[in-house]
Every structure is written in structure tokens, then in C-alpha cells.
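Participant: have a look at this prediction, sequence included:
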Amino acid sequence: MRKPITLHNRRDSASLLDWLDTRQNYERKPPRASKAAFSLGRMRRLLEVLDNPHHTFPVVHVAGTKGKGSTVAMLAAILDTAGYRTGRYMSPHVHSLGERICIGGIPILPAELAAACEIVRPAVDRLDQLADRRDGQRLTWFEVVTAVAFVHFAQAGVDIAVLETGLGGRLDATNVSRPIVSVITSISLDHMKLLGRTVGRIATEKAGIIKRGCPVISGAMHPAARRVIAATARRRRARLFQYGRDFLAEHLPADGDPLATGAVCVQPPTGLPHAAPIHATLGMAGRHQADNAALAVVAALLLDGRGFAIPEAAIAKGLAEVQLPARIETIGQRPLVIVDAAHNGASMESLIETLAVPLSTHRPRVLLFSASGDKQLTDMLAPTRGWFDHVILTRYQSNPRAAEIERLVAACRAAGLRPPQQEDSPPAGFHRARELAGHQGIIVVAGSFFLAAEVRALAGFTGRP
């Protein structure tokens with residue numbers, strides 16, 4: 001592979017990023033359900049031209065409906081703490097593209113991002129020309145960004161990379177990797193137009209990351225999802241470690257403060273060298289984070305038997321220190337303001353469960369909500385019924401996928417919520433929420449990463465916690 005290119009000219013850097021933004025970006029405009037939209041062939045051809053940078057480091061591959069970002073962050077933090085140079089690839093980002101591509105928990109610098117783009121761009125341009133003469137299916141924004149991440153990790157000489165799928169798993173751009181451990185987190189209904197309208201069909205797409213002979217850890221609890229994952233693992237002769245059967249986790253809430261992070265006790269699978277329970281403080285709030293931590297712990301223990309020395313102290317320290325923005329994050333106290341990127345029904349249920357005590361002790365209670373138009377809006381809003389005195393609907397401004405206010409109003413009605421208020425933008429919605437909550441109330445901001453990002457920025461939060 002070519003040596004890194006260092007760009008000192010900001011204009012050159014901006015030009016490369018502008019070029020990247022010309023790509024078809026399905027995070028901004030979802031595709032119609034078609035096989036042509038998602039294919040590993042384009043990604044494989046691109047990486048071949050780049051001398052297959054993704055084959056220069058071992059990988060842990062993570063898919064799932066919810067919890068995969070937290071699981072990736074936890075495992076990467078454990079590996080960092082154990083002394084390994086760890087690449088971390090996640091999506092979506094909250095404020096800047098660099099958040100997706102990290103080494104040692106540090107986001108890629110703009111100059112590094114531009115340098116990696118400079119390496120990838122000639123190969124992309126070449127393949128674009130071939131595509132224009134054939135089927136017109138150019139490389140997408142996510143495929144190019146994934147290649148940029150692989151190039152950056154290879155150039156930096158990472159010891160291992162932890163990769164989060166962008167959408168699904170079977171045809172996701174990250175699925176060209178050759179993992180030594182695969183992880184599938186909780187599975188529920190989301191992206192149904194593209195992945196399938198049942199949990200079983202969605203699980204089939206997620207299980208597409210399972211590779212022959214590669215151990216897989218599953219946090220899926222839905223019976224249909226578990227059946228699909230178990231059947232796929234058997235076919236591919238991949239040893240399966242199933243949460244609730246082979247290993248367990250207990251969330252130990254903190255005394256006094258319901259928003260404190262608490263701790264976890266993980267009982268590892270039998271048959272692994274480490275059989276004793278592992279206790280650790282959690283860096284993120286919510287009972288569901290104990291489930292995510294359990295997946296990360298078991299992945300670390302499997303890696304410990306595959307050439308990576310990971311002491312228990314590194315596991316405990318990594319879990320205690322990891323944080324991500326917009327995950328049940330407190331960004332204000334008077335009123336109490338909680339921002340969460342919950343963007344499907346299951347995530348909203350977990351959010352309300354975690355906030356049950358503060359929602360019971362603070363008045364007035366205000367929900368500021370916006371979501372993407374392709375979501376199951378009624379299912380997302382239903383868990384909030386009875387928990388809020390005021391519901392404010394808005395449309396985030398940073399992405400054209402935002403659902404129209406009229407659709408949100410109809411979803412509120414279908415979910416049995418009281419008549420909502422409407423504001424044209426997150427700044428107006430947040431201002432109104434603060435007026436309604438006063439100093440003693442609580443504001444919960446939820447429904448989308450895009451809404452979370454805009455409200456965090458309004459409150460002066462533009463980076464990591």
C-alpha cells in the first residue's frame with residue numbers, strides 16, 4: 001500500500017471531503033428496496049484495487065438492531081486499556097464524520113481523513129468509470145467511507161479493529177472483513193422496508209456476518225431471531241455463545257441516583273479459561289448497557305484465547321471509562337435535560353425504563369421528539385404514553401429524512417398520546433420545552449441521532465461526553 005499522504009492545504013482537504021459528499025448517501029436518502037442498491041461486489045473490487053487493506057489486521061465484527069454501537073465502543077475500550085492499538089469503526093456520527101473512525105478512542109484528524117480519501121479517490125474514480133459503462137451502480141458514500149477507514153487502520157498499523165455494520169449485515173460494506181469473532185446484539189423491528197418485515201427476516205440479514213468456523217456471540221432474545229442465528233451458526237460450523245443460555249449478566253444499579261451508571265456482573269460461558277464472574281462499573285447509564293457489556297466481555301474473553309492478552313483489570317477499566325454522546329446523556333440540570341438517540345420502538349422502551357424514576361419525580365415532563373420518515377413512528381411513540389405532560393414535535397434540519405409534522409401528529413394520535421405541540425425546528429422546540437419544563441421539570445429529547453446532534457449543539461455540546 002502507498003505511504004500516507006499529508007495534506008497541509010485546508011482547501012485541498014475541504015475539496016476531498018466535498019468530493020466524498022457527492023456520493024449516494026443512504027443515510028440521507030434511503031434507497032428503494034433492491035438488490036442493486038446493496039452488493040458486496042463493488043466493495044470487494046474497490047478494496048482489491050487498494051491492495052486489500054482490510055486483510056492487514058484482525059477484526060471483531062458487530063451487527064444488531066440496537067446496542068451495537070455501545071458494544072463496539074466497550075470492546076474497543078477494553079482492547080485499548082489492554083495496550084492494543086485498536087481501530088474502531090461506528091455509525092452514524094453525532095457531530096462530525098471523524099467520530100466514526102477512531103484509533104485508541106481518538107477520532108481521525110481532518111488531515112488524516114483527507115489523506116486517506118486521497119489514497120482511495122483514484123480507485124473510486126476508476127471504478128466509477130467502469131460502472132458508468134456497465135450498470136451505473138457507483139460506489140456509495142458509506143462504501144467509500146468504509147474503505148477510507150480500512151486504509152487509515154492499515155496505514156496506522158492497528159493491532160485489531162472493531163467494526164460496526166451500517167445497515168443489516170449480509171450485504172453491508174463492512175461484511176467483506178474476515179473476523180476472528182462475530183457479535184450480534186439485540187434484534188428488533190427496524191429498517192423493515194430493506195431488511196424484512198419480521199424479526200426472523202431481519203435476523204437473517206444480521207446473521208449474514210457469521211463466517212465459517214468463526215465463533216459468534218449473540219445477544220438476541222426474540223425466539224425467532226435466536227432460531228435463525230442458531231441455524232446459521234450450525235450451517236457455518238461457528239461456535240455460538242448465546243446470552244441467557246451460555247452466559248448471563250446482572251445490572252447492579254447505583255444507589256440513590258437513578259441516572260448514575262451502576263455496574264454489571266457477567267457470568268462467562270463455561271469452557272472458557274476464565275470462568276469466574278467479572279464485576280465492573282459501567283460508564284453509560286441504563287440496564288440495557290449491562291447486556292451490551294456482557295457481549296463485549298465475552299468477546300474479550302474469546303480474544304484472550306486467540307493471541308490477545310486481556311487481563312480482567314483491563315476489562316473493568318475499559319467498561320468504566322467508555323462513554324458515547326447521546327446515550328441517555330444529561331446535558332442540563334435546571335431543568336433536567338436528557339438526550340438519547342433512541343430511534344426505534346425497542347430503544348424507546350429501554351429509554352423510558354431507564355428514566356422511570358426521574359420521570360416520576362420531576363414535573364412538568366416534556367418530550368421533544370423527531371424521527372426519520374422511514375421509521376415505525378407509532379411504535380416509537382407508544383412507550384411514552386402516560387409519561388409526559390407535554391409532547392413537542394419538530395423536524396430536524398440536518399437531514400432530509402425527517403418525518404413531516406403531520407405524520408408525527410398522526411402517530412401520536414395512534415399511540416394514544418395527548419395532543420402534541422408543534423415547532424418548525426429543534427431550536428424552537430427546545431426553547432418551548434425549556435419554557436414548559438421550568439426549573440423543576442425534565443426534558444427528554446429522543447427519536448433520532450440527527451435531533452440529538454442538533455439539541456446537543458444548542459446546549460454547547462459539540463464533541464464527545
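Facilitator: Nice, thanks for sending it over. Bear in mind the structure is a predicted one, so any value in this text is a computation, not a measurement. Numbers count the residues shown, from 1 in each chain.

Participant: was I right about H274 contacting L303?
Facilitator: No - under the criterion of Cβ atoms under 8 Å, H274 is not in contact with L303, lying 11.6 Å apart. C-beta coordinates here come from the backbone N, C-alpha and C atoms, glycine included.

Participant: which of those two has more neighbours?
Facilitator: The neighbour count for H274 versus L303, taken as other Cβ atoms under 10 Å, is higher for L303 (22 against 18).

Participant: which stretches of the stretch 51-200 of the chain have low pLDDT?
Facilitator: 189-197 (pLDDT under 70).

Participant: before we move on, what about the stretch 351-465 of the chain?
Facilitator: Filtered on pLDDT under 70, the stretch 351-465 of the chain yields the residue ranges 462-465.

Participant: show me where it has helices.
Facilitator: Using DSSP state H, counting those that start in this stretch, the helices of the stretch 351-465 of the chain run over residues 356-361, 377-381, 405-415, 426-437, 449-458.

Participant: turn those helices into CSV, including mean neighbour count.
Facilitator: Listed next are the helices of the stretch 351-465 of the chain as CSV, based on neighbours: other Cβ atoms under 10 Å:
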stretch, mean neighbour count
helix 356-361, 14
helix 377-381, 22
helix 405-415, 17
helix 426-437, 20
helix 449-458, 24
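
Participant: which of the ones you listed sits closest to T146?
Facilitator: For those, the distance to T146 is smallest for helix 449-458, at 18.2 Å, taking Cβ to Cβ.

Participant: and the helices of the stretch 351-465 of the chain: which comes nearest P223?
Facilitator: Comparing those by Cβ to Cβ, helix 377-381 comes nearest, at 19.2 Å.

Participant: can you lay out the helices of the stretch 351-465 of the chain as a markdown table showing distance to P215?
Facilitator: Shown next, in a markdown table, are the helices of the stretch 351-465 of the chain (distance: least, Cβ to Cβ, whole Å):
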| stretch | distance to P215 |
| --- | --- |
| helix 356-361 | 36 |
| helix 377-381 | 33 |
| helix 405-415 | 41 |
| helix 426-437 | 43 |
| helix 449-458 | 31 |
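
Participant: secondary structure element for V162?
Facilitator: For V162, the enclosing helix or strand under DSSP states H and E is strand 160-164.

Participant: which residues sit against that strand?
Facilitator: Strand 160-164 is contacted from outside by 57-63, 68-69, 72, 75-76, 79, 84, 86-91, 153, 174, 177, 179, 303, 308, using Cβ atoms under 8 Å, 6 or more residues apart in numbering.

Participant: picking that back up, out of the helices of the stretch 351-465 of the chain, nearest to I103?
Facilitator: Closest approach to I103 among these is made by helix 449-458 (22.4 Å; Cβ to Cβ).

Participant: pull the closest one out as CSV, backbone CA atoms only.
Facilitator: What follows is helix 449-458, C-alpha atoms only, in CSV (Å, rounded to 0.1, in the frame of the first residue of the first chain):
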residue,chain,number,x,y,z
PHE,A,449,-29.3,10.8,16.1
PHE,A,450,-30.0,13.9,14.0
LEU,A,451,-32.2,15.5,16.6
ALA,A,452,-29.8,14.6,19.3
ALA,A,453,-27.0,16.3,17.5
GLU,A,454,-28.9,19.5,16.9
VAL,A,455,-30.0,19.8,20.5
ARG,A,456,-26.6,18.9,21.9
ALA,A,457,-25.2,21.7,19.7
LEU,A,458,-27.8,24.1,21.1
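
Participant: I'd like the next helix or strand past the longest helix anywhere in the chain.
Facilitator: Identified as the longest helix of the chain according to DSSP state H is helix 110-133. Remark: after helix 110-133, the chain's next helix or strand is helix 141-156, criterion DSSP H and E.

Participant: most distant residue from the centre of this structure?
Facilitator: Computed with Cα atoms, centre = their mean, the maximum C-alpha offset from the centroid of the chain is found at R133, amounting to 35.5 Å.

Participant: what segments of the stretch 201-350 of the chain are strands?
Facilitator: 216-218, 240-242, 248-252, 263-267, 278-281, 329-333, 336-339 (DSSP state E, counting those that start in this stretch).

Participant: most packed of those?
Facilitator: Of the strands of the stretch 201-350 of the chain, the one with the most neighbours on average (mean count of other Cβ atoms under 10 Å) is strand 216-218, at a mean of 29.

Participant: how far does it sit from its chain's centre?
Facilitator: 17 Å (Cα atoms, centre = their mean, to the nearest Å).

Participant: go on, stretch 433-451?
Facilitator: Put simply, stretch 433-451 sits 23 Å off its chain's centre (Cα atoms, centre = their mean).

Participant: and if you look at stretch 255-270?
Facilitator: From the chain centre to the centre of stretch 255-270 is a distance of 21 Å (Cα atoms, centre = their mean).

Participant: cool, and stretch 406-417?
Facilitator: Centroid displacement of stretch 406-417 relative to its chain, using Cα atoms, centre = their mean, is 27 Å.

Participant: and what of stretch 217-231?
Facilitator: Distance, centroid of stretch 217-231 to centroid of chain: 20 Å (Cα atoms, centre = their mean).

Participant: for that stretch, buried residues please.
Facilitator: 217-220, 222, 224-226, 228-230 (16 or more other Cβ atoms under 10 Å).

Participant: check stretch 92-102 too.
Facilitator: 92-95, 97, 99-102.

Participant: identify, from these, the entry nearest to E353.
Facilitator: The closest of the buried residues of stretch 92-102, once distances to E353 are taken by Cβ to Cβ, is V94, at 22.8 Å.

Participant: how about the helices of the stretch 201-350 of the chain, start to end?
Facilitator: Along the stretch 201-350 of the chain, counting by DSSP H, counting those that start in this stretch, helices occupy 223-235, 288-304, 312-321, 345-354.

Participant: OK, contacts around A73?
Facilitator: By Cβ under 8 Å, 6+ apart, the residues touching A73 are 88, 90, 322, 324.

Participant: ranking by neighbours, what's the top pick from these?
Facilitator: For those, neighbours were counted using other Cβ under 10 Å, and R88 has the most, 28 neighbours in all.

Participant: my guess is that one meets C102, correct?
Facilitator: Yes - at 4.3 Å, R88 and C102 qualify as touching, with contact defined as Cβ under 8 Å.

Participant: list the residues that contact both of those two?
Facilitator: A76.
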